[in-house]
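Visitor: For reference, the sequence and a predicted model appear below.
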Amino acid sequence: MRDFIMKYMPPDYSLHGKQIDDLIFMVHVLMAILFVGWGLYFLYVLYRFSEKRSPRADYVGVRTHASSYIEMGVAAVEVILLVVISIPAWYRWATPPDKSKNPLEIRVVAEQFAWNVHYPGADGVFGRTAVTLVTASNPLGLDPEDPKGKDDIVTLNQLHLEKDRPALIHVTSKDVIHSFKLPVMRAEQDAIPGMSVSIHFTPTKASGADDHWEIACAQLCGLGHYRMRGQMAVHTKADFAKWLSENAPAAPPAEAPVAPANPIPEATPAQPATHSG
């Protein structure tokens, strides 16, 4: 049954994905048992309490406690799924990876209808941003005067990650509520204006040279919601370093020294005196 359910799921390329899929499988098994059980009980009730078999109304009802035991069993299974599996898993996923694991830290800023992806650059520090600096050519409002932002990389609808390296993504929005979803990474987080919410996961498979996976918006966010899609690529360590170097902002050309407005005249060497006659 698990293989049947997983056949209709997106492929899983994340370290924690199996735990998510196992939980989904167990919930579906419980729903299938309840569906079959209640269906059979419904058919039994139709037969047992039909007018032919019960011409007179019974005002006492069920005289056994079987239904109570069944309800207690279902509640026990639900408690196990919630307390033993779901809450511990949520705690692990809600705890950011330790700095010692060198997570790849990225900002994703949603807007109608695109994903702006912000990398901190070689220095590992995000440049300062300000709402007043947002323009069509500067969608994140990066401060051009901030030296920490000179090496930052900004992409549109393109997310690049490194295989086997934890990714820590800070998600927010510029306008309305969106939902940042990576199906193959089993990761999803609402992008809420005024809030920055973090998610983390570890990719376990590198995408091919021409293979990209979908970034979807899982929240109806306006008339252009259907086209708010991006692409995610996962690289090996060497290929990711190459991608960073190729997309790093070009260093500004060195300026030639400017001569002062009123240069001090250079002293000329003294000429030897000459005498005539």
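Guide: Structure's in. What do you need? Keep in mind it's a predicted model, so treat the numbers as computed, not measured.
Visitor: Can you give the domain ranges for the chain?
Guide: Using automatic domain parsing, the domain parsing of the chain gives 2-54+66-94, 99-247.
Visitor: all helices for the stretch 51-200 of the chain, in order.
Guide: Residue ranges of the helices in the stretch 51-200 of the chain, as given by DSSP state H, counting those that start in this stretch, are 66-79, 87-94.
Visitor: out of the domains of the chain, deepest packed?
Guide: Most buried of these by mean neighbour count (mean count of other C-beta atoms under 10 Å) is domain 99-247; its value is a mean of 17. Bear in mind the C-beta positions are built from the backbone N, C-alpha and C, glycine included.
Visitor: chain center to that domain: distance?
Guide: 8 Å (C-alpha atoms, centre = their mean, to the nearest Å).
Visitor: before we move on, the earlier item: among the domains of the chain, which gets the worst mean confidence?
Guide: With a mean of 86, domain 2-54+66-94 has the lowest mean pLDDT of these.
Visitor: What's the biggest helix in this structure, counting residues?
Guide: Counting residues, the longest helix found in the chain (DSSP state H) is helix 17-48.
Visitor: that older thread, can I get the domains of the chain in TSV with distance to Val60?
Guide: Shown next, in TSV, are these (distance: least, C-beta to C-beta, whole Å):
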stretch	distance to Val60
domain 2-54+66-94	12
domain 99-247	50
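Visitor: what does stretch 55-71 contact?
Guide: Contacts of stretch 55-71 with the rest of the structure, by C-beta atoms under 8 Å, 6 or more residues apart in numbering, involve Gly37, Phe49.
Visitor: so where do the strands sit in this structure?
Guide: 104-111, 114-119, 153-156, 158-162, 167-173, 178-182, 187-191, 197-201, 213-217, 230-235 (DSSP state E).
Visitor: will you turn those strands into CSV that also has distance to Tyr47?
Guide: Shown next, in CSV, are the strands of the chain (distance: least, C-beta to C-beta, whole Å):
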stretch, distance to Tyr47
strand 104-111, 55
strand 114-119, 56
strand 153-156, 63
strand 158-162, 57
strand 167-173, 54
strand 178-182, 46
strand 187-191, 45
strand 197-201, 51
strand 213-217, 47
strand 230-235, 54
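Visitor: nearest to Met72, of those?
Guide: strand 187-191 (33.4 Å; C-beta to C-beta).
Visitor: Just checking: what are the partner strands of that closest one?
Guide: Here strand 187-191 has these sheet partners by DSSP bridges: strand 178-182 (antiparallel).
Visitor: How about residues contacting the partner strand?
Guide: 108, 110, 115, 169, 171, 187-191, 199, 201, 213-219, 221, 228, 232.
Visitor: Could you point out which of the strands of the chain sits nearest Leu142?
Guide: Of all the strands of the chain, strand 153-156 comes closest under C-beta to C-beta, at 7.1 Å.
Visitor: tell me what the closest one is packed against?
Guide: Strand 153-156 is packed against strand 114-119, helix 237-247, with contacts defined by 3 or more C-beta pairs under 8 Å, 6 or more residues apart in numbering; DSSP states H and E.
Visitor: What helices and strands are in contact with the longest helix of the chain?
Guide: So helix 17-48, by 3+ C-beta pairs under 8 Å, 6+ apart, packs with helix 2-6, helix 66-79, helix 87-94.
Visitor: try 7 Å
Guide: Helices and strands touching helix 17-48, by 3 or more C-beta pairs under 7 Å, 6 or more residues apart in numbering; DSSP states H and E, are helix 2-6.
Visitor: Determine how far the helix it packs on lies from the middle of the whole chain.
Guide: Distance of helix 2-6 from its chain centroid, counting by C-alpha atoms, centre = their mean, is 25 Å.
Visitor: Ok, which of the helices and strands packed on strand 153-156 comes nearest Val131?
Guide: Val131 lies closest, by C-beta to C-beta, to one member of the helices and strands packed on strand 153-156: strand 114-119, at 13.6 Å.
Visitor: Perfect, I'm done here.
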